[in-house]
Every structure is written in C-alpha cells, then in structure tokens.
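A.B. asks: just a sequence and a predicted model for now, questions to come.
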Amino acid sequence: MRVIDQGIAVKAEANTDHSSCAFSGIAVLPGGRWLCGFRAAPKKKESDGQHAMLTWSDDGGKTWRAPFTPFTPPVLDGKPGLFRCANLTALGGRRVLCTLYWQDYSDPSLPFFNEETEGLLDSYLYFSFSEDSGETWSSPRLLDTTPYNVPTPTTGPTLVLPNGEWALQFETNKHYYDRTPWQHASVLMFTRDEGRSFPEYAVIASDPNRRYFWWDQRPGMLADGTLLDLFWTYDNVDAVYLNIHARASKDNGRTWTELWDTGVPGQPAAPVSLPDGGIAMVYMDRTAAPTVKLRRSADGGRTWPETTELILFEPPTPPQTVAKGSMQDCWNEMEKFSTGLPATARLPNGDVLVLFYSGPYADLTDIRWVRVGGNH
C-alpha cells in the first residue's frame, strides 16, 4: 500500500474560535461526498467557545466546504451545554446520522476533568439526522443510556450492524465530585428503533481491579461480518501504555473473544477491510516523535507484521510523551498532544481514507486527510 494523496480539510486560524481543531470523524456517502465532523475551539485546553462543526468535499479532497455549525446545544435540566464532537454514520442514500457528545457548560471555570476525583463534567449523547447529505439537520435528540447514568464520552460513530441494528459506542466515567474509584468500561448499546430505546448492551472491556484501562475503543465492521474492536491500552499500576489490544465478535457484538495483544504500540483508529481480504489498522505511534502509521493483518487482526508498516504522516514535532505517575499525568500529557486521533473510512474502490488533527502545538491544529491505496 502507499499514500496516494493527502491534504488539509480544515485549516486552523490562530486567535479565532477554531484555532484548535480536533476529534474528527468521517463518513463516505453513496453519492461520493466525504462528510467530516470535528470539534473546534479557541484553545485545546479550554472548553470556552468549543463547538461541533461540519465540512465536506465532493471532489475527492481537492476542495472543502467552509466549516459550519448546524447543531445548537440544548439546555438540559437548566444547564447550558457544549457539543464536544460530531461522529457521522452513512445510512444509505442521502441519509446521515450524527452522534453528538454534549458537555455541561453551566460553570465555564471548571475543567472538563476533575484531577482530584478523576470525574468528568456531566455529559450525554444525542442523535441528529440529515436527509440531504449533511446540509440540514434535525434537532438533537437526547439518548437514554440507562443503566449507565454517568458521563459517557463517545468513542466513535454509531455502527450499522449486519442484522440491521445500530450500535452506540461509549466509555464510562463518573460524576465530577464522586470520590469513589473510577470503574471504566467500554460499552456498546444496541437499538432497533433509531435510538429511541436501547434494550440490550454489552460491556466490551472492563477490568474489575481497575488496573487496565481499555481506552478509546475503536470497533470496526469488517467485510465478513466480524466486529473487530481495538483499544488504546493503559496500565494504571505501572503508569505506562501497553500495546494496542483487540477482541472480536461474530454475533453482532453480543459475545466476544478473549482480549489479545496486537504487538503494535499506540492509539488506534477503527480497522478497515481491504479488497484482498486483509485488514488495515491506522494508529498513532508515540514511542518517539508522534507519527501516524498503518499496518496490515492477513489473519483477522491477530498479527500485524512490522514489514507491512507504512508511515502516513510524520510532523516535525519532538516526542510529546512524559513519565507518568498518576492518572492526572495522563490527562496533562494528552492536553499537550498536537497530532492524533486518526479516524478511518473505506472508499468505494477499497482505498482507506484517514483523518486526524495535527499542528505545531496543541492550540493550533488542522484537520488533515490522507488517502491510502494500491492494494487492489
């Protein structure tokens, strides 16, 4: 495989309300449109002015529509809020689903993460629909994620499963001032009625001993109907990141294999099926200078040979990882990242489209894209 093309979808502008652009998502629509959602803010570290925006390209990335903000965050229980990200799912024809992540903004002085308790500001998930390829959107509708009545950061787009259900993905945190231990879990909730109810759910990964955090789950639906989930994995005792771990489901996310170590370091995007039957995994490697890479697997994701590694983007940035002694150190480290969070989509001809944020420093980041192909 090789990099076929690349460019910038959204150019950051210093000292504006979109100098820090991050948390990108991408959906490739049947008509050929590349629809991108992302979070824009004056500064990466601050939520002030944060909002979810959209843009698109109808010519394979050559030009992009000026970013716009179609979503108005509702007031919930008397509290004003912000939308932190917009993840997109193509539903067929011109119909698109956007999964929005709402955050309490009633006290702008509070940081998103409480370093003393490890809790998050109240946050919830919403659905909004477009019937015209992303140009107009319905009013956001709040989702009931019971029994998870805690902050539920979304980890990617809602998935359309082979049985016709949708799978909402998120991870669990705890309330801002809750001093009980944080029991993290990566969860999928299943709906048959477009999110009006979620009668079933599955815990994909959770360590009852709270040593291992299977963070940022990235499930991808493969061509053979397998749901392959990849995890950015953290050891909270030794305060180090482990290799990407994975597990798979053959029954629409109800039961799962045991977790396995992929042998690859980093923070993954959702896996993508390739025309030759293999799988592509795009990931953020921070073992040295931050680099966006891709590897391929020919055995269902069990192994990812180093010989298949392809560098997609390598910014002129020094290493951004630090020695960690606590969860607070992890969050402080993340705030300094200036490249990361790749998102993936499969193009009609089998190429892989990748979006991620990158810039010279955390408060000035573009949304970039790379197209990878040559495997067909």
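C.D. replies: Now that the structure is in, tell me what you want to look at.
A.B. asks: and the strand or helix carrying residue 100, which residues are buried?
C.D. replies: Using DSSP states H and E, residue 100 sits within strand 95-104. Residues of strand 95-104 classed as buried: 96, 97, 98, 99, 100, 101, 102, 103, 104 (neighbour count, 16 or more other CB atoms under 10 Å). (Glycine included, C-beta is placed from N, CA and C.)
A.B. asks: the nearest residue to residue 132 once chain neighbours are set aside and residue 130, how far apart?
C.D. replies: Leaving out its chain neighbours, the residue that sits closest to residue 132 by CB to CB, 6 or more residues apart in numbering is residue 94, at 5.5 Å. Distance of residue 94 to residue 130, given as CB to CB, to the nearest Å: 8 Å.
A.B. asks: average pLDDT for the one helix or strand residue 216 maps to?
C.D. replies: When elements are assigned from DSSP H and E, residue 216 belongs to strand 212-221. Mean per-residue pLDDT for strand 212-221: 95.
A.B. asks: can you count the residues close to the residue nearest to residue 132?
C.D. replies: 16 (other CB atoms under 10 Å).
A.B. asks: same check, this time on residue 27
C.D. replies: 24.
A.B. asks: check contacts around it.
C.D. replies: Residue 27 makes contact with 34, 35, 88, 89, 90, 96, 157, 345 under the criterion CB atoms under 8 Å, 6 or more residues apart in numbering.
A.B. asks: is it true that the first one touches residue 61?
C.D. replies: Going back to what we said before, that points to residue 34. Yes: assessed by CB atoms under 8 Å, residue 34 is found in contact with residue 61 at 6.6 Å.
A.B. asks: quick check: neighbours shared by those two?
C.D. replies: Common neighbours of residue 34 and residue 61, using CB under 8 Å, 6+ apart, are residue 369.
A.B. asks: follow-up on the earlier one: and the strand holding residue 100, how far out from the chain middle?
C.D. replies: 12 Å (CA atoms, centre = their mean, to the nearest Å).
A.B. asks: please apply the same query to stretch 175-186.
C.D. replies: For stretch 175-186, the distance to the chain centre is 21 Å (CA atoms, centre = their mean).
A.B. asks: can you check stretch 238-256 too?
C.D. replies: With CA atoms, centre = their mean as the basis, stretch 238-256 stands 15 Å off its chain's centre.
A.B. asks: tell me the SS of residue 307?
C.D. replies: Per DSSP: H, G, I helix; E, B strand; the rest coil, the local secondary structure of residue 307 is helix.
A.B. asks: how near is it to residue 290?
C.D. replies: For residue 307, the distance to residue 290 - CB to CB - is 22 Å.
A.B. asks: also residue 55?
C.D. replies: For residue 55 relative to residue 290 (CB to CB), the value is 24 Å.
A.B. asks: try residue 96
C.D. replies: Applying CB to CB, the value for residue 96 to residue 290 is 31 Å.
A.B. asks: check residue 312 too.
C.D. replies: 12 Å.
A.B. asks: now swap in residue 98 and tell me
C.D. replies: According to CB to CB, residue 98 stands 28 Å off from residue 290.
A.B. asks: who has more neighbours, residue 307 and residue 290?
C.D. replies: residue 290 (23 against 7).
A.B. asks: wait, the more buried one touches residue 342, no?
C.D. replies: No: applying CB under 8 Å, one finds residue 290 not in contact with residue 342, separated by 11.1 Å.
A.B. asks: thought residue 226 was touching residue 247?
C.D. replies: No: if you go by CB under 8 Å, residue 226 and residue 247 don't touch, sitting 10.8 Å apart.
A.B. asks: any residues in contact with both of the two?
C.D. replies: Joint contacts of residue 226 and residue 247 (CB under 8 Å, 6+ apart) do not exist.
A.B. asks: which stretches of the stretch 201-350 of the chain form strands?
C.D. replies: 212-221, 227-235, 240-241, 243-249, 260-265, 267-268, 272-273, 279-285, 291-297, 310-313, 339-346 (DSSP state E, counting those that start in this stretch).
A.B. asks: need those in TSV with distance to residue 184, can you?
C.D. replies: Shown next, in TSV, are the strands of the stretch 201-350 of the chain (distance: least, CB to CB, whole Å):
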stretch	distance to residue 184
strand 212-221	5
strand 227-235	9
strand 240-241	15
strand 243-249	14
strand 260-265	19
strand 267-268	16
strand 272-273	26
strand 279-285	20
strand 291-297	26
strand 310-313	29
strand 339-346	18
